[in-house]
Structure formats: C-alpha cells, structure tokens
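Visitor: Kindly return the folded structure for what I paste below:
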Amino acid sequence: MSLVSIRLPDDVEARLASEAARTQRPKSEIARDAIIDYLARAERERFLAEIARAARDRGTAEALATAAEALPTDNEALAMGESAGVHEPTPSYAARRKKQRR
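Guide: Okay, the predicted model is just below:
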C-alpha cells in the first residue's frame, strides 16, 4: 500500500479528528473510505453522462441497449457498496427511561 500525504485546512482536520474519535476509527481509514467513495461516485457519474450523451447522439433505442448492457455491472457495484456499509459502534451506556409521575 502506498503512502499519500495531504494538507487539510485546520477546520477539516478538526472535523476528521472528531469523527475518528466518535467512531473509534483511524483518521487514515476514514480518509481512505472517503476517497474510495468519491472515486466510485465520479466513475458512476461519468458512466451516466455517457449514457445521456449516447441518448442524445444515437437515439433512444441505442441508449436503452447501452443501459441494458451495463445494468448487471451497475447492480453488482451497488451490491458491493451496500455490503461495505459503515456501521457505527453501539453506545456503551444504556438508555434510561423517565419514571412516569402520577
């Protein structure tokens, strides 16, 4: 795995540190997950733009064929993203019920 160094504004670093403490995850893991999500979203947006461009350039029938061809891959990517979801830790304290006054 390669090492990447980035500069963050103080307020962004503070938010990252706060999130790391809250979720008990390393800052590098949060940043890595955010970059992976960003790249996947950018790739999907380019793909959807290509479908829209095909619809404009080639007509509806060819655009539908292109979309149908890509549907299994799109569904697979969606399933992978959902299975890699982030789960927040369960709080260590128990919620207390307020006693009802009569």
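Visitor: pLDDT below threshold where in the protein?
Guide: Scanning the chain for pLDDT under 70 picks out the ranges 58-60, 63, 82, 84-102.
Visitor: and the longest helix for the protein?
Guide: Criterion DSSP state H: the longest helix present in the chain is helix 27-58.
Visitor: For it, list every residue counted as buried.
Guide: For helix 27-58, burial by neighbour count (16 or more other Cβ atoms under 10 Å) applies to 30, 47, 54, 55. The way it works is simple: take the backbone N, C-alpha and C, and place the C-beta from them, glycine included.
Visitor: which one of those sits closest to residue 6?
Guide: If you rank those by distance to residue 6 using Cβ to Cβ, residue 30 comes first, at 12.6 Å.
Visitor: hang on, that closest one packs against residue 23?
Guide: Yes - using Cβ atoms under 8 Å, residue 30 is in contact with residue 23, at 7.4 Å.
Visitor: where do the contact lists of these two overlap?
Guide: With Cβ atoms under 8 Å, 6 or more residues apart in numbering applied, the contact sets of residue 30 and residue 23 do not overlap.
Visitor: thinking again about what came up before, tabulate the buried residues of helix 27-58 (a markdown table), appending distance to residue 78.
Guide: Converted to a markdown table, these look like this (distance: Cβ to Cβ, whole Å):
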| residue | distance to residue 78 |
| --- | --- |
| 30 | 22 |
| 47 | 12 |
| 54 | 21 |
| 55 | 21 |
